[in-house]
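In: Predicted model and sequence below, questions to follow.
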Amino acid sequence: MGRPASPTSSNVDSTPKSKKPLLISINNNVYDVSNWIPYHPGGDVISKWEGRDATDVFTALHDQTTFKKLEAFKYKVQDHTTVIQPTSRTLRFEALRLKLQKMGLMTTNPWWYVYKSITTLSFLVFAMILVAYDYSLLGAVSLGIGFQQLGWLAHDYCHHQVFPSRKWNRIAGYFFGNIAQGYSQRWWSDRHNSHHAITNVLDSDPDIDNLPLFVWSVHDVARVPQAIKPMLRYQQYYFLFPFCPSLRLIWNLQSILFVKSLRSHPNVVYRKYANPEQITLILHWVWYFTLLYFASNKLLFFLISQGLPGFGIAIIVFFNHYACHHFKDTTEDFDFLELQLRTTRDMEPGLITDWICGGLNYQIEHHLFPTAPRHSLSAISKIIKKFCEEENLPYQSADFVTGVGYLLQQLGTVSDTLDKIKAHEQ
């Protein structure tokens, strides 16, 4: 079987073949993207915005070169029944985006990322040196910190925050994500694009679909299988331990299973990257198990090097969204701006917090402008707070302890619902 064609608009017939077109509006034009889904590098996330104005979400997740490809998908019938006009607030938000660009806050400082990449990788190098000198447990701690920080760094590259070329960001993602970290870039992209486009929408955002371990919304209780309801009544207790320390291994396993199935994936682009995905993931486990072989206390080395970054990633990722509002479906029709603000929470900033969280404590700013470089998020946050005040929009923020309290409270609330259902059934 030959290599599939590159997924460009020039080799995709945009003439509607299906009986029902998949229509989205962008900048007052309507596009039928039904035949583009099998070629879309970000997966089928486009379908989540069917019949809606997708200007903001499209702009947030694509660069300017992608706008040029839209012409091939323009829908033939452009009238008042198909064109969805952006609201006045959407237009003000777009003006804010242009303001940030003019201020240089959307422009990457490459030297900052040189510094960040070198210092992050140094934790891995230091771990290898410590193992070589028989300080294996200290090496495991250094490796664990490195893995946690690599999660944020690979996230920056995969969001195309660093290089102007998406190709070079993807190559860097293979190195910092697949080889150094053990997370598949393509698995991350498939999951993370949906998360950004349709945050905290049940049955759409894969990040909040954590059954059978957790159920985050009372709206989702109906999906809980009867057999696991007794376990979920205690979800607020096993969340911090043992779940959080195990998150890294869970994502590693999900990456392996995803990459294993890439050759038969329905998306042409995903199949195209099967070889580099598989090779780079193998390289990760080769160097990790080689280091583990030379460690003096292999079991403790493994548990520390995997559990420490697992907890350090999980507690921050879950802090940002899981205790915020959950939507039953997309028919509640919040625009992209308000959806992000109602489903996202910042962690109060600080020098140490900013470093530990890798900038993702500015989660609101990141969700509104995913390609904004990490070093700009602090400055952007001040502007967004003011914008939200002027527009009478929510801006959710909490310190670490309060935010974790919200998480446990949310899990407890759903657990109480399960108990009430059980009592009612009896």
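Out: Right, received. Where do you want to start?

In: what's near enough to touch the closest residue to residue 163 other than its chain neighbours?
Out: Of all residues not flanking residue 163 in the chain, residue 169 sits nearest, at 4.9 Å (C-beta to C-beta, 6 or more residues apart in numbering). Heads up, the C-betas are built off the backbone N, CA and C, glycines and all. Residue 169 is in contact with 157-163, counting by C-beta atoms under 8 Å, 6 or more residues apart in numbering.

In: which SS class is residue 169?
Out: helix (DSSP: H, G, I helix; E, B strand; the rest coil).

In: mind checking how far it is from residue 371?
Out: Distance, residue 169 to residue 371, using C-beta to C-beta, to the nearest Å: 10 Å.

In: pLDDT below threshold where in the protein?
Out: Across the chain, the ranges flagged by pLDDT under 70 are 1-19, 77-84, 329-333, 421-426.

In: For the stretch 1-150 of the chain, just list every one of the strands.
Out: For the stretch 1-150 of the chain, the strands defined by DSSP state E, counting those that start in this stretch occupy 23-26, 29-32.

In: sorry, that was for the stretch 251-400 of the chain
Out: 345-347, 396-398.

In: Of these, which is nearest residue 200?
Out: strand 345-347 (10.8 Å; C-beta to C-beta).

In: before we move on, the earlier item: can you tell me which of the strands of the stretch 1-150 of the chain is packed in deepest?
Out: The highest mean neighbour count among the strands of the stretch 1-150 of the chain, using mean count of other C-beta atoms under 10 Å, belongs to strand 23-26: a mean of 23.

In: Report the contact partners of residue 360.
Out: Applying C-beta under 8 Å, 6+ apart, the residues near residue 360 are 152, 155, 316-317, 320, 366.

In: The same query, at a cut-off of 7 Å, please.
Out: For residue 360, the contact set (C-beta atoms under 7 Å, 6 or more residues apart in numbering) comprises 152, 316, 320, 366.

In: ok, now residue 321?
Out: Contacts of residue 321 by C-beta under 7 Å, 6+ apart are 199-200, 207, 343-344.

In: Please flag which of the residues you listed sit within helices.
Out: Among the contacts of residue 321, DSSP state H puts residue 343 in helices.

In: Kindly indicate which of the contacts of residue 321 lies nearest residue 140.
Out: Closest to residue 140, out of all of those and judged by C-beta to C-beta, is residue 207, at 28.2 Å.

In: how far away is that closest one from residue 197?
Out: Residue 207 is 12 Å from residue 197, by C-beta to C-beta.

In: Looking at those two, which has the bigger crowd around it?
Out: residue 197 (24 against 18; other C-beta atoms under 10 Å).

In: Who wins on neighbours among the contacts of residue 169?
Out: Busiest of the contacts of residue 169 [other C-beta under 10 Å] is residue 162, holding 26 neighbours.

In: so that one sits right up against residue 156, yeah?
Out: Yes: with contact defined as C-beta atoms under 7 Å, residue 162 reaches residue 156; the gap is 6.1 Å.
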